[in-house]
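quick check, what structure comes out for this input:
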Amino acid sequence: MKKGLFTIAENAPLAEGVYRLRLAGDASAVTAPGQFVNIALPGRYLRRPFSLCDAEEGMLTLIYKVVGGGTEQMAAMEPGRTLDVLTGLGNGFDLSLAGQTPLLLGGGIGSAPLYLLAKKLRAAGKTVSVVLGFNRRSEVFYEQEFRALGCQVTVTTADGSYGVPGFVTDGLPTGCSFYYACGPEPMLRAVYDRAAGSGQLSFEARMGCGFGACVGCTRQTVGGPKRVCKDGPVFQKEEILWT
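This next block holds a predicted model:
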């Protein structure tokens, strides 16, 4: 974990209610796709956690959805503004488990951290399939960015307005070597039940501190209670207990 000041380089609408935030600063604490950052917002007692969409030298990219007062405040911030950010939080995806034909499954804003994962997997020579699930066409983002990496991309929409009608599980291909999933818990449960083989699932949770001190985001696993922020947010399929 590293604390630092980042300057907003871009903060622009990407899809309906969805923004891309690019932050210039020291990105050296980021070691794996699937990690997250915690941003301090003026006037807000708790920091806000956001998964990383991309990380390059001197630049972090986040994709967030406006869902409350904190993200409404963020959406109004202009380039040039400085933010206090904790980086390198959480344990990310394990690329060594991927095999040759990994499958990436993203639900809504949970699709964002899969981009850096896909980028790393493609650089390692993997054949990557991606299924992105959204409620409607106006919410779709990063389809072309995944395609530009050389991924095989399927988009699903719950209302059938674009791509495959239905949910992420309705777009599941066959023959993947391992899967990685990120999204709301009902989606992750459906993937757990229907996707063949082993995988890793990245969970969302309300967090107080973001680095394991408050124990407010604990969930039960076969190995006992684990903190989503510190021990996760990525967990192996076989260790997950559903309540």
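
tell me the SS of residue 147?
State at residue 147, reduced to three classes by DSSP: H, G, I helix; E, B strand; the rest coil: helix.

and residue 19, how far from residue 222?
Applying C-beta to C-beta, to the nearest Å, the value for residue 19 to residue 222 is 37 Å. Glycine gets a C-beta too; all of them are placed from N, C-alpha and C.

no, scratch that, I was asking about residue 26
37 Å.

hmm, residue 104 and residue 180 touching each other?
Yes: judged on C-beta atoms under 8 Å, residue 180 makes contact with residue 104 at a distance of 5.2 Å.

these two: who's more crowded?
Neighbours were counted for residue 180 and for residue 104 using other C-beta atoms under 10 Å; residue 180 has more, 30 against 27.

which residues does the more buried one contact?
Contacts for residue 180 (C-beta atoms under 8 Å, 6 or more residues apart in numbering) come out as 93, 98, 102, 103, 104, 105, 114, 117, 199, 200, 201, 202.

wait, the third one touches residue 175, no?
No: taking contact to mean C-beta under 8 Å, the distance of 11.2 Å between residue 102 and residue 175 leaves them out of contact.

look at the two and report which has more neighbours.
For residue 102 and residue 175, the more surrounded residue by other C-beta under 10 Å is residue 102, and the numbers stand at 24 against 9.

how close does the more buried one sit to residue 93?
In terms of C-beta to C-beta, residue 102 sits 10 Å off from residue 93.

buried sites along stretch 99-112?
Across stretch 99-112, burial judged by 16 or more other C-beta atoms under 10 Å covers 102, 103, 104, 105, 106, 107, 108, 109, 110, 111, 112.

quickly list what's touching both of residue 180 and residue 104.
Common neighbours of residue 180 and residue 104 (C-beta under 8 Å, 6+ apart) are 114, 117.

before we move on, back to that, so residue 19 and residue 222 - more neighbours on which side?
Per other C-beta under 10 Å, whichever of residue 19 and residue 222 has more neighbours is residue 19, with 20 against 10.
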